[in-house]
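Colleague: Need the 3D shape of this:
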Amino acid sequence: MKKRLTVIITGLLILGLIQAQTGETLTNTDIVKMANAKLSNELIIDVIQSSTVLFDLSTSAIKNLENEKVSSQVIEAMKLTKDVKTDTSDAIPPPAVKKIEGVQPGQIFEALNYVSPLKDLVTFYQNEVKELDGTITDWDNNIRQAIKNANEISEQILQLESELREKKNADSRGYSSEILSLQKKLVEYRANHKELKTKFLSEGQNLTKKLTEISSETARSLSKKYDEVCQLVKSANTDPGIGENALSITITRLDINDNTTGYIVPATEMLIWHQNEINEIQKLVVQWNPRVKEIVRKDAELKTKLQPIVSKLEEYKSDSKKYKTEIASLKKQRDDIEKERKHLADQMENDSKELSDYLKKKSTEIQSSVKERFTDIIGNINYSYQEKLNL
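Modeller: Take a look at the predicted model:
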C-alpha cells in the first residue's frame, strides 16, 4: 500500500510539472515519463488533448514508445493530434488538389485487420472533394467572367450617359444626328446589359439544378460505397493468428479557399463536410484498432504457450505407452488452448459484424445529412442570385 501511494504521488508530481509547463511543447519524452510514473491512460490522454504538442510518430519512435510501456490507447491519442512528425517512407501520396489553399502534410495512420476496408471510405471522400472542388472552380471562373462582362457594359453605359448629357446641355435646339446615334447605342448597351443579367439568372437556375443532381448522385454513391465497405469488413479474415495485418492510410488536411465568389460560396460547405466525414472515419479506426490489437496479443500469448506442448507431444510419440499419462495431460492442455484461440477468433468475427452493422446504420444517417446539406446550400445560392444580384 505504501509503495502504491508513493507511485501515485510521484505520478501527480510529474503531471503537475508538465501542466506547469503549458507554455512549452509536449513531446514523446514527456509521454514516456508519465507512463513510467504509472499515470492512468485517461489522465495522460487528457494532458495530450489540453497541451501544445509535437510528437514523433515515425515507425522507430512508435516502437520505442511501445518498449517504454506506453499503451496503445495513448499512442492512438497521440496520432490524433495535429502537430506530429511522420515517417513518410511508405506513405500513400495524397490526391492532387487545386484551388484549395493551405494543404497540410499528409497524416499517416494504420487500420488493422477487418478495420482496414475503412481506407476505401477515406479514398472515396477525398475523390469527392477533388471532383466537387474542380466543379466549383469552373463555376467560379464562369461567374467571374460574367460579372466582368456585365461590369464592362455598365461602365460603358455610364460613360455614354455622361457624354449624352454634355451634348444635350450644350445646345437647346433639337437633337443632332450625333446625339441620336449615341442614344441608339445607349439603347443597345442597356439591352445587352439586361440580356447578360437575364442570362446570369438563368445560369444560376442551371447551377442549382446541377447541385440537385450532384446531391442525388452523392447520396447514391455513398450508399453504394458504404455497402461495399460493410461487406468487406464483414467478410474480412478474422483469424487473429495472421496478426494485425496493418494498412496505412494518409489523410490530407485541406483549408477551403475563401476567395470564391459570394454567389456560390455556400457550395464550399460540402468540401468541409467531406473533410469532416474523413475525420470521423479516422476516429472510427482509432476506436476499433485497440480491439484488434488486444485479441491478436492474447492469441499470440496462447500460441506461445502451445508451442512447447506440441513439441513435447511429438517427443512422446516415440514411446506412447510409456508416456500415456503425460500425453493425455498435454493433449488436454493443447485442446484447452485451441478452444481459447477459437473463442478469440469468434470474438473477432463478431466484432467485424458489429462494425459492419454500425457502418450500415451510419450510411443511412449520412445520406440524410447529404440531402439536408445540399437543400440548404441550394436555398442559399438561389437567394444569392435572386435577391443579392448586383452586377
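Colleague: Show me where the stretch 1-150 of the chain has its helices.
Modeller: For the stretch 1-150 of the chain, the helices defined by DSSP state H, counting those that start in this stretch occupy 2-19, 28-36, 41-49, 59-67, 72-79, 118-170.
Colleague: Leu284 is nearest to which of these?
Modeller: Minimum separation from Leu284 across the helices of the stretch 1-150 of the chain (CB to CB) falls at helix 118-170, 6.4 Å. The C-beta positions use only the backbone N, C-alpha and C, and glycine is treated the same way.
Colleague: thinking again about what came up before, highest average neighbour count across the helices of the stretch 1-150 of the chain?
Modeller: helix 72-79 (a mean of 20; mean count of other CB atoms under 10 Å).
Colleague: Alpha carbons only: can I get stretch 356-366 in CSV?
Modeller: C-alpha atoms of stretch 356-366 as CSV (Å, rounded to 0.1, in the frame of the first residue of the first chain):
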residue,chain,number,x,y,z
SER,A,356,-20.3,-3.7,-40.4
ASP,A,357,-23.7,-3.2,-38.8
TYR,A,358,-22.6,0.2,-37.4
LEU,A,359,-21.4,1.3,-40.8
LYS,A,360,-24.7,0.3,-42.4
LYS,A,361,-26.7,2.3,-39.9
LYS,A,362,-24.2,5.2,-40.3
SER,A,363,-24.7,5.1,-44.1
THR,A,364,-28.4,5.9,-43.7
GLU,A,365,-27.7,8.8,-41.4
ILE,A,366,-25.0,10.2,-43.8
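Colleague: just how off-centre is it within its chain?
Modeller: 17 Å (CA atoms, centre = their mean, to the nearest Å).
Colleague: For it, which outside residues touch it?
Modeller: 222-223, 226-227, 229-231, 233-234, 277 (CB atoms under 8 Å, 6 or more residues apart in numbering).
Colleague: closest to Thr250 among those?
Modeller: Out of those, the member with the shortest distance to Thr250 (by CB to CB) is Glu277, at 16.0 Å.
Colleague: just to revisit the earlier point, mind giving me the ChimeraX command for buried ones among the contacts of stretch 356-366?
Modeller: A single ChimeraX command selects the buried members of those (16 or more other CB atoms under 10 Å):
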select :222,226,229,230,233,234,277
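Colleague: rewinding a little: can the helices of the stretch 1-150 of the chain go into a markdown table with extra columns for distance to Ile327?
Modeller: Below are the helices of the stretch 1-150 of the chain laid out as a markdown table (distance: least, CB to CB, whole Å):
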| stretch | distance to Ile327 |
| --- | --- |
| helix 2-19 | 45 |
| helix 28-36 | 45 |
| helix 41-49 | 44 |
| helix 59-67 | 39 |
| helix 72-79 | 39 |
| helix 118-170 | 46 |
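Colleague: need the least confident one among the ones you listed, by mean pLDDT.
Modeller: Mean pLDDT is lowest for helix 2-19 out of the helices of the stretch 1-150 of the chain, coming in at a mean of 47.
Colleague: pLDDT score for Leu39?
Modeller: 82.
Colleague: How is the residue in the chain sticking out farthest from the centre classified with respect to secondary structure?
Modeller: Farthest-out residue of the chain from its mean C-alpha position, per CA atoms, centre = their mean: Arg173, at 74.0 Å. Three-state call for Arg173 (DSSP: H, G, I helix; E, B strand; the rest coil): coil.
Colleague: What helix or strand is Pro290 located in?
Modeller: Following DSSP states H and E, one finds Pro290 within helix 269-316.
Colleague: any idea which helix or strand comes after that helix?
Modeller: Toward the C-terminus, helix 269-316 is succeeded by helix 324-387 as the next helix or strand (DSSP H and E).
Colleague: picking up where we left off before, phi, psi for the residue farthest from the centre of the chain please.
Modeller: Arg173 adopts backbone torsions of phi -70, psi -180, taken as degrees, to the nearest 10.
Colleague: For His300, give its distance to Gln126.
Modeller: To be clear, residue 300 is Ala; His isn't right here. Note on Ala300: its distance to Gln126, by CB to CB, to the nearest Å, is 34 Å.
Colleague: sorry, that was for Leu201
Modeller: For Leu201 relative to Gln126 (CB to CB), the value is 34 Å.
Colleague: What of Gln287?
Modeller: For Gln287, the distance to Gln126 - CB to CB - is 21 Å.
Colleague: do Leu271 as well
Modeller: According to CB to CB, Leu271 stands 11 Å off from Gln126.
Colleague: Which residue is the nearest non-sequential neighbour of the most centrally placed residue in the chain?
Modeller: Nearest residue to the geometric centre of the chain (CA atoms, centre = their mean): Ile278, 2.0 Å. Counting by CB to CB, 6 or more residues apart in numbering, Tyr125 is the residue found nearest to Ile278 once chain neighbours are left out, at 4.8 Å.
Colleague: In contact with the one you found, which residues are there?
Modeller: Shown in contact with Tyr125 (CB under 8 Å, 6+ apart): 274-275, 277-278, 281.
Colleague: my guess is Leu201 contacts Gln386, does it?
Modeller: Yes: the criterion here is CB atoms under 8 Å, and Leu201 meets it with Gln386 at 7.4 Å.
Colleague: Would you map out the domains in this structure?
Modeller: Here the domain parsing of the chain from automatic domain parsing is 1-87, 113-391.
Colleague: Make JSON lines from these and add distance to Gln107 to it.
Modeller: Formatted as JSON lines, these follow (distance: least, CB to CB, whole Å):
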{"stretch": "domain 1-87", "distance to Gln107": "6"}
{"stretch": "domain 113-391", "distance to Gln107": "5"}
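Colleague: So, low pLDDT: which residues of the chain?
Modeller: 1-24, 82-106, 253-258, 387-391 (pLDDT under 70).
Colleague: Could you rerun that using 50?
Modeller: In the prediction, the chain carries residues with pLDDT under 50 at positions 1-13, 17, 19-23, 83-105, 390-391.
Colleague: ok, Ala61 touching Asn28?
Modeller: Yes: taking contacts as CB under 8 Å, Ala61 lies within contact range of Asn28: 6.1 Å.
Colleague: overlap in contacts of the two?
Modeller: What both Ala61 and Asn28 touch, as defined by CB under 8 Å, 6+ apart, is the set Phe55.
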